[in-house]
Structure formats: structure tokens, C-alpha cells
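[1] sequence unavailable; structure follows:
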Ligand SMILES: [Mn+2]
């Protein structure tokens with residue numbers, strides 16, 4: 001259940017805003033985009049000028065989301081005015097990839113200047129709640145689920161478009177209702193969204209069943225690299241920069257690849273390393289049971305959930321591998 005005093009304060013601030021920027025994180029996923037677009041529809045229906053702004057264009061696989069065509073890429077222009085910025089699905093401004101200028105407001109006509117109100121809606125356990133008016137609650141499986149709670153609390157109508165966006169958030173962040181965060185409340189909320197008209201078939205088709213040739217090319221490279229450590233308790237996949245570029249893959253198309261490593265019986269921690277640029281390696285972790293990989297991710301400046309986390313290291317892939325495996329070995333206490 002949401003903290004209703006905080007939630008009411010957030011709702012009041014949103015509904016009185018003259019302009020709201022909604023931002024998710026870099027490498028947008030179904031939750032960050034679905035939650036942003038869901039809240040975007042809700043606010044616009046309420047008459048609040050709202051804009052979804054990102055550092056990058058919407059990945060192709062999410063272009064089916066209603067409203068995705070209205071997402072503004074910062075480098076191509078910004079709205080005239082805003083006084084509230086909502087940061088979703090992450091807890092620090094750097095993860096949005098947006099410039100600090102968005103956190104100041106300026107109305108040239110009215111000679112108004114000042115700070116914006118920052119609202120942070122997030123469900124990551126590693127979020128310390130330091131960003132603005134923070135509603136951080138790890139008991140939610142997705143930020144999209146928090147947006148549904150907000151809509152209910154504010155008595156805003158969940159249209160089919162809102163429902164499709166929030167269902168996308170909930171389905172993708174629960175691995176299509178397979179991860180351990182799939183609670184009874186999650187399924188009840190999913191049912192509400194279906195009854196409100198969510199286009200479930202479109203979500204499954206675009207977010208689960210769609211595999212581009214580029215993604216399959218990458219998967220071939222990743223599977224070829226599969227190795228095991230710690231007597232098979234750790235399964236590792238690597239995607240070197242050369243594979244990344246030769247397959248021509250978009251960031252969002254990486255979703256789900258690590259599940260192949262986690263699938264190997266005996267695996268307690270799965271690690272996927274990908275060289276997104278020469279000298280920069282992104283690392284994803286998945287774990288089974290009580291092995292908390294968010295601790296490892298945080299130790300390298302990242303974050304996440306106990307069973308799913310990630311970080312980015314300013315190192316070539318081989319050095320990044322050595323560094324994170326040393327930390328993973330500590331978690332599992334294997335030499
Ligand atoms: Mn999320």
C-alpha cells in the first residue's frame with residue numbers, strides 16, 4: 001500500500017503544475033517508458049501539460065506504446081515551460097542521461113526563474129530516497145504499478161492507452177509474471193489493466209516474442225562465449241565490442257539475453273558483460289535465492305534488486321570480467 005500522505009502530496013503537486021517533464025533512465029526499458037507514458041496520458045487527460053523527455057530516441061521495440069511518438073529527445077528541443085520533473089525507475093539524475101539544465105526553470109515571458117520540484121517514483125531497493133520528493137517502495141514490482149496506485153488514489157480514469165502502457169511496465173519488470181516479484185497484488189493489478197483495455201497481445205508480441213536478426217546475431221555471439229566459474233555456480237556470457245558493432249544492435253534489444261546464462265542448472269549467479277563502447281563495459285547480474293547481486297552492483301556504482309542488478313565499468317571487457325567475478329566469488333564464498 002502506498003504512503004497515502006506522500007502520495008496525496010505528489011498528486012496535488014502534479015495536478016497544480018503548469019508543466020511536467022516525465023523522465024526515465026538511459027537504455028529505456030518497458031517499465032521506465034511504460035510508466036512515463038502511462039502517467040503522461042493520465043496527466044494530459046487531467047489537463048496538465050506533460051511531456052516525456054529522454055536522452056535517447058524510443059527503441060523500436062517500444063514504438064507500439066501509445067504516445068511513444070510524442071516522446072521528446074532532449075537534443076532536438078524542449079517544451080517552453082515546466083515546473084515539475086518526475087524521475088521514474090531510477091534514483092539519481094545521472095541515470096537519466098539528461099542535462100542539469102532541465103532541473104531549472106525559466107519562463108521568458110513572465111521573467112520567472114527558479115528551481116523545479118523534483119518527484120522521484122521508483123521501486124529499486126538501492127534507491128536511498130535522496131532525489132526530491134521521493135516515493136520509493138521496493139514492494140512494487142514495477143514503477144508502472146506505482147502509477148496505477150497513483151491513478152486509483154487520484155481517481156483518474158485508466159483508459160485503454162494508459163492500461164497498455166502500465167501493463168507493459170508490469171509485464172516486462174516481472175519477466176512476464178515469472179520473477180519472484182510476481183505477487184498476488186501484481187496479478188490483481190494486471191487483471192485490472194486487462195479489464196481496462198490493455199492490448200495484451202501487442203505487449204507480448206513486441207516485448208516478448210519479437211527477436212530481430214540483429215538480436216539473434218548477438219545471441220549467437222553471447223552463447224558462443226558462455227563459460228562457468230565457481231564449479232558451475234556462476235555462468236558468464238560476454239559480448240565483445242566487435243560482436244556488438246558487427247551485429248548492429250540497439251541497446252534495448254539486449255533484454256532477456258542473460259536469462260540463457262541463468263537457465264543453466266546449478267547457476268546461482270549469472271553475469272552478462274557487454275562492451276558497449278571501447279573501454280566501457282556494462283554488466284548485468286541475475287541470481288537465484290538469497291544471493292544478493294545488488295550488493296555487487298552497488299559496489300561498482302550501479303544498483304538494482306537483490307536478484308537482478310547492473311552496473312557500468314570504465315574498463316575493457318576482460319578487466320571488467322576480472323573485477324566483477326572477484327566480487328561475485330565473495331558473495332558465493334568460492335575461492
Ligand atoms: Mn522498474
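    Ah, there it is. Quick caveat, the model's predicted, so the values are computed rather than measured. Numbers count the residues shown, from 1 in each chain.
[2] pull out the buried positions in stretch 188-195.
    189, 190, 192, 193 (16 or more other Cβ atoms under 10 Å). All C-beta spots, glycine's among them, are computed from the backbone N, C-alpha and C.
[3] ok, which pair from those residues is furthest apart?
    190 and 192 (7.3 Å; Cβ to Cβ).
[4] tell me how many other residues crowd the closest residue in space to residue 230 that isn't next to it in sequence.
    With Cβ to Cβ, 6 or more residues apart in numbering as the criterion, residue 230 has its nearest non-adjacent residue at 3.9 Å, and that residue is residue 334. Applying other Cβ atoms under 10 Å, we find 13 residues neighbouring residue 334.
[5] and the residue of the protein that's closest to the ion?
    As assessed by Cβ to the ion, the ion sits closest to residue 31 within the chain, at 3.4 Å.
[6] so what's residue 283 bridging to?
    Counting by DSSP bridges, residue 283 forms beta bridges with residue 273, residue 311.
[7] helix or strand with the lowest mean pLDDT in the chain?
    Every helix and strand in the chain was compared by mean pLDDT, DSSP states H and E; the lowest is strand 112-115, with a mean of 68.
[8] residues contacting stretch 321-329, please?
    The contact list for stretch 321-329 (Cβ atoms under 8 Å, 6 or more residues apart in numbering) reads 229-230, 234, 236, 238, 269, 271, 273, 281, 283, 285, 293, 296, 299-300, 311, 313, 315, 335.
[9] now a ChimeraX select for only the buried ones of those residues.
    Buried members of the contacts of stretch 321-329, defined by 16+ other Cβ under 10 Å, are picked up in ChimeraX with:
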select :229,230,234,236,238,269,271,273,281,283,285,293,296,300,311,313,315
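[10] can you flag which of the contacts of stretch 321-329 belong to strands?
    Among these, DSSP state E puts 229, 234, 236, 238, 269, 271, 273, 281, 283, 285, 311, 313 in strands.
[11] any chance of a markdown table for those residues, columns pLDDT and distance to the ion?
    A markdown table is the format used below for the ones in strands among the contacts of stretch 321-329 (pLDDT from 0 to 100; distance: Cβ to the ion, whole Å):
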| residue | pLDDT | distance to the ion |
| --- | --- | --- |
| 229 | 96 | 28 |
| 234 | 98 | 25 |
| 236 | 98 | 24 |
| 238 | 95 | 25 |
| 269 | 98 | 21 |
| 271 | 97 | 20 |
| 273 | 96 | 22 |
| 281 | 95 | 22 |
| 283 | 96 | 18 |
| 285 | 97 | 15 |
| 311 | 96 | 16 |
| 313 | 97 | 22 |
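[12] closest one to residue 85 out of those, please.
    residue 311 (24.7 Å).
[13] just checking, that closest one touches residue 283?
    Yes: with contact defined as Cβ atoms under 8 Å, residue 311 counts as touching residue 283 (5.4 Å).
[14] between those two, which contacts overlap?
    With Cβ under 8 Å, 6+ apart, residue 311 and residue 283 have common neighbours 297, 300, 302, 324.
[15] now do the contacts for the residue lying closest to the second one once chain neighbours are set aside.
    What it means is residue 300. Leaving aside its chain neighbours, residue 300 sits nearest to residue 311 (4.0 Å; criterion: Cβ to Cβ, 6+ apart). Each residue near residue 311 by Cβ under 8 Å, 6+ apart is listed here: 282, 283, 296, 297, 298, 300, 301, 302, 303, 324.
[16] quick check: closest non-adjacent residue to residue 238.
    residue 225 (4.3 Å).
[17] residue numbers of the stretch 51-200 of the chain in contact with the ion?
    Residues of the stretch 51-200 of the chain lying close to the ion (Cβ under 5 Å from the ion) are 89, 173.
[18] those strands in the stretch 51-200 of the chain, which residues are they?
    Assigned by DSSP state E, counting those that start in this stretch, the strands in the stretch 51-200 of the chain fall at 72-73, 84-88, 104-107, 112-115, 117-122, 133-136.
[19] can you list the strands that the longest one pairs with?
    By that I understand strand 117-122. strand 84-88 (parallel), strand 133-136 (parallel).
[20] where does this structure dip in pLDDT?
    Along the chain, the model assigns pLDDT under 70 to residues 1-2, 106-113, 250-255.
[21] run a quick neighbour tally on residue 183.
    14.
[22] do I have it right that it meets residue 141?
    Yes: contact criterion Cβ under 8 Å: residue 183 and residue 141 qualify, at 6.9 Å.
[23] residues near residue 319, how many?
    Count around residue 319 with other Cβ under 10 Å applied: 13.
[24] for the one 5 residues further on, same thing?
    Counted with other Cβ under 10 Å, the burial measure for residue 324 works out to 25 neighbours.
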